[in-house]
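J.: my questions concern the predicted model and sequence given below.
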Amino acid sequence: MIKIKDIEKTYSKNSVETKVLRGVTFSVQRGEYVAIMGASGSGKSTLMNIIGCLDRPTKGQYELDNINVLQLDDDAISALRNKKFGFVFQQFFLLERTNALDNVLLPLIYTDEYPADAIQQARKLLVNVGLGDRIEYFANELSGGQQQRVAIARSLINNPDVIIADEPTGNLDSESAAEIMKIFSRLHEERRTIIIVTHDRDVAGNAQRILELKDGQIKG
Amino acid sequence: MKITKNIALSCKLLSAHKLRTALCISSMTIGVAAVIIMVSLGRGTQKRILDMIHDMGTNLIVVNAGHVTLLGGRATQVTIATSLKIADADAIKSQCTSVVDAAPENRSKMNVQWGSENLKTDIAGVTPAAFRIRNIEIQKGREFDSVQNDAGQRVAIVGKVIVDKIFHGEDPVGYQIRIGGSYFEVVGVMKAKGIDANGVDRDDRILIPLKTAMHRLMRVTYIQKIHIQVADSTQLKSAETEIRELLRERHRLGDKPDDFTIQNQATLIRAERDSSRAMTLLIASVATISLVVGGIGILAVMLTVGRERRKEIGLRRAVGARRRDIRTQFLLESLIIAGLGGFFGVFLGTLSSFLASKIVDLPVVQSWDAMGAGLTLSFIIGLIFGIYPASKAATLEPIEALRTE
């Protein structure tokens, strides 16, 4: 469902050009659990941002469900992010002073049709990630592991085709990290497509397939 | 994304930052209150001028004996002349084509006495024509007529101040009062008019027939003033010329300067308007400054908010918010601030201009359109100062926003 071909990305800052991605090609099938691994600076986050349509490549082709993503305008890309992707970030990115339930509901604000049973859906997702007793808690009242679980629930609320996780365990202790990875494995069993970006071999080990990124290219 | 959901979202975000929101709303409140006060005072001043016109009578020309000048908006007698006569008033009425009626007048401060009470008040000798020309209404009793005037009868029409101070509120009609050295019968009471634009109490006054005043009290053969009513306002200028020529001829002035001063309503009103303009300008500038300050407050807060909330913007973009959703959200927030500020401002402004009218006796007229204008203005300010931060927030690339540390 995801086809990426010869992707290049160059950042220019103060007229110094840095080539982060140097022709990356790969594809992901529906229901696959893929880990993108690499040291910091290898370009893995950049690649993830391009896959998630948060950033555009300098060169290359990107097809998502046979849609040529790079030809879409900003509004269409926003809609695409809303419908097709669920994001989980290293820093969780929850809205402070907002409770877990409203955080989970956030993506639905930007859908064309707000589902009538949105609140039940959100509650169910929170129960599924083990936060049934924290639904009304504000984000800043939750532990890191709990916040990340809220973020996972949020990434699932719009029933996305692909879940994209960028170092989801990077800010967590090993116990919480293990729980988060368990949730991802469960989602994989539910036939969801998952792309996880990490520098941690243990985390990557949960995936079916590992793509190693080095110097802006996929190794091997 | 539905507008109602947008508004609910913005309200939630605003209430999450109570202090910041409150500060912003209050700066808007002050601005709008200033505008309301300004408009109310402006209206009040306008009404005062209209009242003055009504009080003087419409389409009026005043001829004063001697030289009169305007000092601080008030007609002040500089020289006295004894050349103006009742016959001049009669001649103006009968010979000047544009003149409808003419009312000669003589006035003087005199002592009034009833029983053990006495008071110094304004005694005006007038002809019955004055009642029509100068809009003097009788509340109790009756006017005196020209027969009584010509006969020099001792009848008096008293103002409210006289009723209150001398008669202690009792109905004075039928009583005899002493003015100067003579007894007068009170035949009527004037309808209360209050204090005029120059601070003169229009109820502290007694009207008596002109002939009686001239022969019995003041012992003069001349008059001080003639109030002249012109058919319509377009003829004020030509009537003035006509009257001047007639009076110069009657007074045989040849090439000597006028021994009278003609003022028309327009000049009197202009003088009044000039004196209130400074005040209005001052308030207008204060109001403008306050509004701009309120607007800049919103701008500053929304910009800070935009910077502080880059991550939030990034996240919203990541989960599917379009640029226009972010822009709408920011704009709505500033509009809500401005709207609430406007609402409180209307309240504060209305209240304080009401208090101003009660405590310091400023002319104030409250009006719905002033409140409407205040609210509209606050929304416009909210829109103007909200657009820049809103579009700045909206142009942020999602990934840039998320990377903010």
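T.: Arrived safely, thanks for sending. These numbers were taken from a predicted model, which means no experiment stands behind them.

J.: what number of residues lie near the residue lying closest to A:Arg123 once chain neighbours are set aside?
T.: Excluding its sequence neighbours, the residue lying closest to A:Arg123 (C-beta to C-beta, 6 or more residues apart in numbering or on different chains) is A:Ile135, at 6.2 Å. Every residue, glycine included, has its C-beta placed from N, CA and C. By the criterion of other C-beta atoms under 10 Å in any protein chain shown, A:Ile135 has 17 neighbours.

J.: verify the stated contact: A:Ile135 with A:Leu126.
T.: Yes: counting by C-beta atoms under 8 Å, A:Leu126 is a contact partner of A:Ile135 at 5.4 Å.

J.: where do the helices of chain A begin and end?
T.: A:44-51, A:74-84, A:100-109, A:118-128, A:144-156, A:174-189, A:201-204 (DSSP state H).

J.: with chain B instead?
T.: So, for chain B - with DSSP H - the helices run B:3-16, B:18-56, B:86-95, B:129-133, B:146-150, B:160-165, B:210-212, B:236-250, B:265-308, B:310-318, B:323-359, B:368-395, B:398-403.

J.: can you list these in TSV and add mean pLDDT, distance to B:Ile226 and mean neighbour count?
T.: As requested, these are exported to TSV (pLDDT from 0 to 100; distance: least, C-beta to C-beta, whole Å; neighbours: other C-beta atoms under 10 Å in any protein chain shown):
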stretch	mean pLDDT	distance to B:Ile226	mean neighbour count
helix B:3-16	77	67	15
helix B:18-56	79	13	20
helix B:86-95	91	5	17
helix B:129-133	89	10	20
helix B:146-150	89	15	15
helix B:160-165	90	25	19
helix B:210-212	92	11	22
helix B:236-250	90	9	17
helix B:265-308	75	14	17
helix B:310-318	89	77	23
helix B:323-359	87	36	21
helix B:368-395	85	40	19
helix B:398-403	84	81	20
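
J.: burial count for residue 99?
T.: By default, I'm working from chain A. So A:Asn99, with other C-beta under 10 Å, has 19 neighbours.

J.: not what I meant, chain B
T.: Using other C-beta under 10 Å, B:Val99 has 22 neighbouring residues.

J.: what do you get for the one 4 residues further on?
T.: The number of residues packed near B:Ala103 is 23, by other C-beta under 10 Å.

J.: got a pLDDT number for it?
T.: For B:Ala103, the pLDDT comes out at 93.

J.: repeat for B:Lys2
T.: 65.

J.: re earlier: overlap in contacts, A:Ile135 and A:Leu126.
T.: Shared contacts of A:Ile135 and A:Leu126 (C-beta atoms under 8 Å, 6 or more residues apart in numbering or on different chains): A:100-101.

J.: now for the residue of chain B found nearest chain A, how many residues are close by?
T.: Residue of chain B nearest chain A, by C-beta to the nearest C-beta: B:Gly320 (2.4 Å). By other C-beta under 10 Å, the residues close to B:Gly320 number 24.

J.: can you redo the helices of chain B as a markdown table with distance to A:Phe93?
T.: Formatted as a markdown table, the helices of chain B follow (distance: least, C-beta to C-beta, whole Å):
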| stretch | distance to A:Phe93 |
| --- | --- |
| helix B:3-16 | 16 |
| helix B:18-56 | 22 |
| helix B:86-95 | 89 |
| helix B:129-133 | 81 |
| helix B:146-150 | 94 |
| helix B:160-165 | 76 |
| helix B:210-212 | 91 |
| helix B:236-250 | 76 |
| helix B:265-308 | 14 |
| helix B:310-318 | 5 |
| helix B:323-359 | 15 |
| helix B:368-395 | 16 |
| helix B:398-403 | 7 |
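
J.: mind putting the ones you listed into JSON lines with distance to chain A?
T.: Listed next are the helices of chain B as JSON lines, based on distance: least, C-beta to the nearest C-beta, whole Å:
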{"stretch": "helix B:3-16", "distance to chain A": "4"}
{"stretch": "helix B:18-56", "distance to chain A": "10"}
{"stretch": "helix B:86-95", "distance to chain A": "80"}
{"stretch": "helix B:129-133", "distance to chain A": "72"}
{"stretch": "helix B:146-150", "distance to chain A": "84"}
{"stretch": "helix B:160-165", "distance to chain A": "64"}
{"stretch": "helix B:210-212", "distance to chain A": "81"}
{"stretch": "helix B:236-250", "distance to chain A": "67"}
{"stretch": "helix B:265-308", "distance to chain A": "11"}
{"stretch": "helix B:310-318", "distance to chain A": "5"}
{"stretch": "helix B:323-359", "distance to chain A": "6"}
{"stretch": "helix B:368-395", "distance to chain A": "10"}
{"stretch": "helix B:398-403", "distance to chain A": "5"}
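
J.: out of those helices, nearest to B:Asn118?
T.: Closest approach to B:Asn118 among the helices of chain B (C-beta to C-beta): helix B:160-165, 9.4 Å.

J.: which residues does that closest one contact?
T.: If you take C-beta under 8 Å, 6+ apart as the criterion, helix B:160-165 is touched by B:112, B:117, B:119, B:121, B:169-170, B:172, B:189-190, B:192, B:201, B:203-206.

J.: now do stretch A:105-117
T.: Residues outside stretch A:105-117 that contact it (C-beta under 8 Å, 6+ apart): A:78, A:82-83, A:86, A:95, A:118-119, A:121-122, A:154, A:157-158, B:1-2, B:5, B:9, B:315-316, B:319-322, B:325.

J.: can you pull the buried residues of it?
T.: A:105-111 (16 or more other C-beta atoms under 10 Å in any protein chain shown).

J.: give me the nearest residue to residue 97, chain neighbours excluded.
T.: Going with chain A. Distances taken as C-beta to C-beta, 6+ apart put B:Ala16 closest to A:Arg97, at 4.1 Å, once the chain neighbours are dropped.

J.: you answered for a different chain; I wanted chain B.
T.: That would be B:Glu242: by C-beta to C-beta, 6+ apart, it lies 7.2 Å from B:Thr97.

J.: same question, A:Leu70
T.: Nearest to A:Leu70 is A:Tyr62, by C-beta to C-beta, 6+ apart, at 5.5 Å.

J.: what is that neighbour paired to in the beta sheet?
T.: A:Ile4 (DSSP bridges).

J.: now do the contacts for B:Tyr388.
T.: Counting by C-beta under 8 Å, 6+ apart, B:Tyr388 makes contact with B:299, B:303.

J.: for A:Pro168, grab the count of nearby residues.
T.: Residues contacting A:Pro168 under the criterion other C-beta under 10 Å number 26.

J.: excluding chain neighbours, what is closest to it?
T.: Residue nearest to A:Pro168 in three dimensions, not counting chain neighbours: A:Val88, with 4.8 Å by C-beta to C-beta, 6+ apart.

J.: surely that neighbour and A:Ile163 touch.
T.: Yes: look at A:Val88 against A:Ile163 with C-beta under 8 Å: they come within range, at 6.8 Å.

J.: does chain B sit close to stretch A:16-30?
T.: No: judged by C-beta under 8 Å from any C-beta of the partner chain, stretch A:16-30 and chain B are separated, with a smallest distance of 12.5 Å.

J.: so which bits of that stretch are buried?
T.: Those buried within stretch A:16-30 under the rule 16+ other C-beta under 10 Å are A:20-21, A:24, A:26, A:28.

J.: what's the closest of the residues you listed to B:Glu105?
T.: Distances from B:Glu105 to those, taken as C-beta to C-beta, are shortest for A:Val20 (97.2 Å).

J.: picking up where we left off before, anything in contact with each of A:Val88 and A:Ile163?
T.: Both A:Val88 and A:Ile163 are contacted by A:Ser155, under the criterion C-beta under 8 Å, 6+ apart.

J.: and B:Gly152, its phi and psi?
T.: When read as degrees, to the nearest 10, the backbone of B:Gly152 gives phi 70, psi 40.
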